[in-house]
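Peer 1: below are the sequence and a predicted model for it; my questions follow.
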Amino acid sequence: MTTLASDFLNILTSRGYIHQCSDIPGLDALAAKRDVTAYIGFDCTAPSLHVGSLVQIMMLHWLQQTGNQPIVLMGGGTTRVGDPSGRDESRKILSLEDIENNKRGIQNVFAKFLQFGSASPAAAMVDNAEWLTKLNYIEMLRDVGKHFSVNRMLAMDSVKLRLEREHELSFIEFNYMVLQAYDYVELARRYGCNLQMGGSDQWGNIVNGIDLGRRMGTHQLYALTSPLITLSSGAKMGKTASGAVWLNADMRSPYEYWQFWRNTEDADVGRFLKLFTTLPMAEIAKLEALGGAEINEAKKALANAATALLHGKAAAEEAAETARKTFEEGASAAGLPTFNLNLPIGILQAAVAVGFVKSNGEAKRAIANGAIRLNDVQVQDEKAAISESDLNADGVAKLSSGKKKHVLIKRT
RNA sequence: GGGAGAGUGUCCCGAGUGGCAAAGGGGGGGGACUGUAAAUCCCCUGCUUUACGGCUUCGUAGGUUCGAGUCCUACCUCUCCCA
C-alpha cells in the first residue's frame, strides 16, 4: 500500500469509506491539488433520504472539508426511469408530481452536511432532469447509444441478476445505465466533474460513465465506491421495526434518530463512529477500546455526534437528556414523543393511536405478552383505560411498549 | 402469433388432497437472560368493543358445488420453448 498524498483519500481510507476505486494514485494526485469535483446521484424515490444514504453524504462532506468541490445530483430525470441495480423486481414508475415532491423533501438535508453558496469550494446541487428531459431519441442513439455494447450491458450485474433469476427487466430500466453514464459525461462537460462516487452497487454504472467519457472525449474520469454497510448481524442497515430510518425530522424525530444510533450493536460501534461522525480518529480509538458495559458510552458518543450532525447540537443534547431520564431514571421525560388524546381512552385504542401496534388485535396480543405498560405499571387487562387520574402533576401519562418504546399521552 | 408453466396469508420465501384462517421457514414484535448490545431459550405474528360468533384473505372476474386456494370459463401479469 503506497502512502497517499491527499487529505481526502487519507481520510476516506482510514475511516473505511472506500470499497473500490478506478485509479487510486491518479485520483490521489488530483485530490492533493484540490482539483477534484465529485458528484453523487440521489434518486427521488421517497420524500426523504434514510441512513442508507448517509455514507454517500458523508463522502461529499469530507470531500468539501478537504478543499474539493462536491456536487449533489438530484435524480429528477433518472428517477422517471428507475434504477434496476440491486433489485429483482421492477420499480413502480413514479408520477412526475411524486418525483417533484420527493425531490423537495430530499434537498434540505444536504445543507446540514455541505456548504452551498459562498463557501470557497461551494457545493452545488443540480437536477439531471435539466438535460435528460431534453434529449432527442434519435440524436441520443447516434451520439451516445453507439458507444454502448449490448453484449457488455447484458453482462452487468444489475442486468445479469434479473436474467438469471428469470425476473423481468423492462426496456425502460435497461436504459437506466445509459442515462447515468450520460449524466457523468454531462457533468464533466458542464462542471468539470472528474469523480463519481456511490454505493458499491453503483460500480458498474459509474464505470460505464468513465468509459462513455473516454469515448466521447472528456477528460479522465474516476470512480470511487463505498462498501455496502451492513450490521454485524448481517441485517441491512437502516431498517427498524417501524420502517426506514429517515433523515427528515418530520418523518423521524431527533429523539428517535438518537435512539437508532444508541441501539447500535457492539461490534458496529467503531465502524459507525468512523463513518457517521466527524470525531477525530484518536477519540474514536479510545471509545472503541471500551469493553463490556462501558461500550455504552461509545454508543452514546455515536448517537450524540451523529444526531448533532443531522439535527444540530441542541437537538442532540435534548435527545440524550430525554434518553437519560427515560432509561436511567425511568422518569417521564418531556422530550419523548407526545400524543394528545381524548380521555378516557381504552388502552387498545391508545396503543394503536400512538403507533405501537397496527390493530386492536395486535394490541391485545401485546398485552397478553406483558408488553404494554402505563406509567411503568404493566397493563394486565385489555379493557383498561387511560383516564385523567393517570396523568401526573404535569398532565402527562407515560405509555410504553416493550422496553424501548415510550410515549407521553396528554389530554386533548 | 403457436406451445408449455407460474402467480398463495397486502414484508419475503414457500407447502397445499374440494371441508382452510390455510403447513413450514425467514423477517418482525414481545418475554427471560444482559448493558437500551450480540448469542441463546420461550411466546406471538388476518380483521373484528368479550366470542367454540361474525367478516375478509390464495393474480382478476364469473361459474360448478351444501362447501373452492384446490374443479370449469374468460381475462391480466410473468417465465420458458418455438415463430
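Peer 2: Sure thing, it's come through. Numbers count the residues shown, from 1 in each chain, chains lettered A, B, ... in the order given.

Peer 1: which residue is the nearest non-sequential neighbour of the closest residue to RNA strand B within the stretch 301-412 of chain A?
Peer 2: Taking C-beta to the nearest atom of the strand, RNA strand B has its nearest neighbour within the stretch 301-412 of chain A at A:G402, 2.6 Å off. Every residue, glycine included, has its C-beta placed from N, CA and C. Nearest in space to A:G402, with sequence neighbours left out and distances taken as C-beta to C-beta, 6 or more residues apart in numbering, is A:A371 at 5.2 Å.

Peer 1: so that neighbour sits right up against A:S401, yeah?
Peer 2: Yes - counting by C-beta atoms under 8 Å, A:S401 is a contact partner of A:A371 at 5.5 Å.

Peer 1: residues near the residue nearest to A:G402, how many?
Peer 2: For A:A371, the neighbour count with other C-beta atoms under 10 Å is 19.

Peer 1: need phi/psi at it.
Peer 2: Backbone torsions of A:A371, given as degrees, to the nearest 10, read phi -90, psi -30.

Peer 1: on that earlier part again, count of residues packed around the residue of the stretch 301-412 of chain A closest to RNA strand B?
Peer 2: Number of residues near A:G402 (other C-beta under 10 Å) recorded here: 14.

Peer 1: any idea which element A:Q180 lies in?
Peer 2: Following DSSP states H and E, one finds A:Q180 within helix A:176-191.

Peer 1: can you show me the CA trace of that helix as PDB?
Peer 2: Taking C-alpha atoms only, helix A:176-191 is exported to PDB below (Å, rounded to 0.1, in the frame of the first residue of the first chain):
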ATOM      1  CA  TYR A 176     -31.000   3.500 -16.800                       C
ATOM      2  CA  MET A 177     -27.300   2.800 -17.000                       C
ATOM      3  CA  VAL A 178     -27.100   4.700 -20.300                       C
ATOM      4  CA  LEU A 179     -28.600   7.700 -18.700                       C
ATOM      5  CA  GLN A 180     -26.400   7.500 -15.600                       C
ATOM      6  CA  ALA A 181     -23.300   7.200 -17.800                       C
ATOM      7  CA  TYR A 182     -24.500  10.200 -19.800                       C
ATOM      8  CA  ASP A 183     -25.000  12.200 -16.600                       C
ATOM      9  CA  TYR A 184     -21.400  11.700 -15.800                       C
ATOM     10  CA  VAL A 185     -20.300  13.000 -19.200                       C
ATOM     11  CA  GLU A 186     -22.700  15.900 -19.000                       C
ATOM     12  CA  LEU A 187     -21.400  16.900 -15.500                       C
ATOM     13  CA  ALA A 188     -17.900  16.600 -16.700                       C
ATOM     14  CA  ARG A 189     -18.600  19.000 -19.500                       C
ATOM     15  CA  ARG A 190     -20.600  21.400 -17.600                       C
ATOM     16  CA  TYR A 191     -18.800  21.500 -14.200                       C
END
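
Peer 1: the strands in the stretch 101-250 of chain A, which residues?
Peer 2: A:124-127, A:195-199, A:222-226, A:239-240, A:243-244 (DSSP state E, counting those that start in this stretch).
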